[in-house]
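A.B. asks: here's my sequence, what's the structure:
(chains A and B)
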Amino acid sequence: GAVVSQHPSWVICKSGTSVKIECRSLDFQATTMFWYRQFPKQSLMLMATSNEGSKATYEQGVEKDKFLINHASLTLSTLTVTSAHPEDSSFYICSARPNTEAFFGQGTRLTVV
Amino acid sequence: QQPVQSPQAVILREGEDAVINCSSSKALYSVHWYRQKHGEAPVFLMILLKGGEQKGHEKISASFNEKKQQSSLYLTASQLSYSGTYFCGTGPDYNQGGKLIFGQGTELSVKP
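C.D. replies: Got it, this is the predicted structure:
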């Protein structure tokens, strides 16, 4: 199957700082990638669709200015959580669908202190 | 539209069977089933595309009803390794954008 690599696996940052999470497709090109957020014991909530070479499409209720998404190449999408606050602490997962099946990155555990 | 899963949680003894349901008020293009272990990424189990479809692998199988509004995941003779949270997801074809929306999840615990 296809491989999606996400980095870092975990990060702890201070309140008010920004954090960048990378998502790479290692063996295929992805014109579209998806970013999800998951709170403990809850579902995978789609935040946005990352589009290579164009603006991301955000789901309703997701702050565009807070969660900056860049998809500059066919193998890399980044999510930057700006001015992070404790309520942004969560598990962030990226995904791509080169075919019917969706492949997920390993996820990033963000803790804002 | 988020699909609805039931039950929310299941506790089984090793060797017992379980059924997890996923439903929607509208016909779904497809249903994807994933299992997620705590702190890890979801792992693909299977996808169903056609109404009336049934498929499986070893002791895990799934069905998709004719109206494509309900899918069920069947876990037979459960093993300890089956423990985790199961999600059904649905969305358009990957050529049409492809984003998947997931149900709220079903937490399965298999005890010795």
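A.B. asks: against A:Pro98, how distant is B:Gly52?
C.D. replies: Separation of B:Gly52 from A:Pro98 (C-beta to C-beta, to the nearest Å) stands at 27 Å. In short, each C-beta sits where N, CA and C put it, glycine included.
A.B. asks: ok, those two, which is more surrounded?
C.D. replies: A direct count of neighbours by other C-beta atoms under 10 Å in any protein chain shown for B:Gly52 and A:Pro98 places A:Pro98 higher, at 19 against 11.
A.B. asks: give the burial count for B:Gly91, as a bare number.
C.D. replies: Counted by other C-beta under 10 Å, the residues lying close to B:Gly91 total 21.
A.B. asks: check what pLDDT it gets.
C.D. replies: Per-residue confidence (pLDDT) for B:Gly91: 84.
A.B. asks: repeat for B:Ala62
C.D. replies: B:Ala62 carries a pLDDT score of 97 in this model.
A.B. asks: how far away is it from chain A?
C.D. replies: B:Ala62 sits 14 Å away from chain A, going by C-beta to the nearest C-beta, to the nearest Å.
A.B. asks: isn't that residue up against B:Gln70?
C.D. replies: No. With contacts counted by C-beta atoms under 8 Å, B:Ala62 stays clear of B:Gln70, the gap being 11.0 Å.
A.B. asks: okay, those two: which has more neighbours?
C.D. replies: Using other C-beta under 10 Å as the criterion, B:Ala62 and B:Gln70 rank with B:Ala62 on top: 24 against 17.
A.B. asks: if I look at the more buried one, how far off is B:Gly84?
C.D. replies: B:Ala62 is 16 Å from B:Gly84, by C-beta to C-beta.
A.B. asks: need the residues of chain A near chain B, please.
C.D. replies: A:1, A:6, A:32, A:34, A:41-46, A:49, A:91, A:93, A:95, A:97-107, A:109 (C-beta under 8 Å from any C-beta of the partner chain).
A.B. asks: and the residue nearest the centre of chain A, which of the three is it?
C.D. replies: The centroid of chain A falls nearest to A:Trp35 when counting by C-alpha atoms, centre = their mean (3.9 Å). Assigned by DSSP: H, G, I helix; E, B strand; the rest coil, the conformation of A:Trp35 is strand.
A.B. asks: tell me the spatial nearest neighbour of it, not counting adjacent residues.
C.D. replies: Leaving aside its chain neighbours, A:Trp35 sits nearest to A:Met47 (4.6 Å; criterion: C-beta to C-beta, 6 or more residues apart in numbering or on different chains).
A.B. asks: how about B:Arg13?
C.D. replies: Spatially, and ignoring its direct neighbours in sequence, B:Arg13 is nearest to B:Lys111 (5.6 Å; C-beta to C-beta, 6+ apart).
A.B. asks: quick check, that neighbour in contact with B:Val10.
C.D. replies: No. Using C-beta under 8 Å, B:Lys111 is not in contact with B:Val10, being 11.1 Å away.
A.B. asks: done for today, thanks.
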